[in-house]
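Asker: how does the following fold in three dimensions:
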Amino acid sequence: MGLLFELEYNKGMMAEEIIRYAEECRDFERNEYISEVFFGAYEHITELDDVIEKHSHGWRKDRMSGVSLAIMRLSAYEILFCDSIPDSVSINEAVELAKTYDDEAAASFINGILNAIMKEKNADCTKE
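Answerer: So this is what the prediction gives:
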């Protein structure tokens, strides 16, 4: 989540530069999960932002806090692209991150958007 937050505020930096900066300037160690999710979210950021805005009912991403956006990008990526992580676990973790790093209102907002994304994904799966 922290790397995705950094990405939002360092728009000129490439993903690998964000990782290098975190390794050099923070107590950060890359692992397989972080690499998969961060680079995956980076690669699909436009798609993730579109689906987040679609379910945010009138809230554009530029009106959302950077923390909320980073949390939703992370969880939306897990929901849409990581079959090994149960959707409910991803959403629950996102809500807990929001409670820790944002506020209670953000946690409810994030929960609603991510549940809508999950429901849409599951509806699309039953159509196939």
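Asker: CA only for contacts and neighbour counts going forward, please
Answerer: OK.
Asker: could you pull out the helices for this structure?
Answerer: Along the chain, the segments classed as helices by DSSP state H run 2-9, 15-25, 32-43, 45-54, 66-81, 87-101, 104-127.
Asker: what about the first one, distance to the chain center?
Answerer: So that's helix 2-9. Going by CA atoms, centre = their mean, to the nearest Å, the spacing between the C-alpha centre of helix 2-9 and its chain's C-alpha centre is 10 Å.
Asker: list the buried residues of that helix.
Answerer: In terms of neighbour count (16 or more other CA atoms under 10 Å), helix 2-9 has its buried residues at 3, 4, 5, 6, 7.
Asker: let's have the helices of the chain in a markdown table, adding distance to residue 60 and mean pLDDT.
Answerer: A markdown table is the format used below for those (distance: least, CA to CA, whole Å; pLDDT from 0 to 100):
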| stretch | distance to residue 60 | mean pLDDT |
| --- | --- | --- |
| helix 2-9 | 15 | 88 |
| helix 15-25 | 23 | 87 |
| helix 32-43 | 19 | 93 |
| helix 45-54 | 6 | 95 |
| helix 66-81 | 10 | 96 |
| helix 87-101 | 18 | 96 |
| helix 104-127 | 13 | 89 |
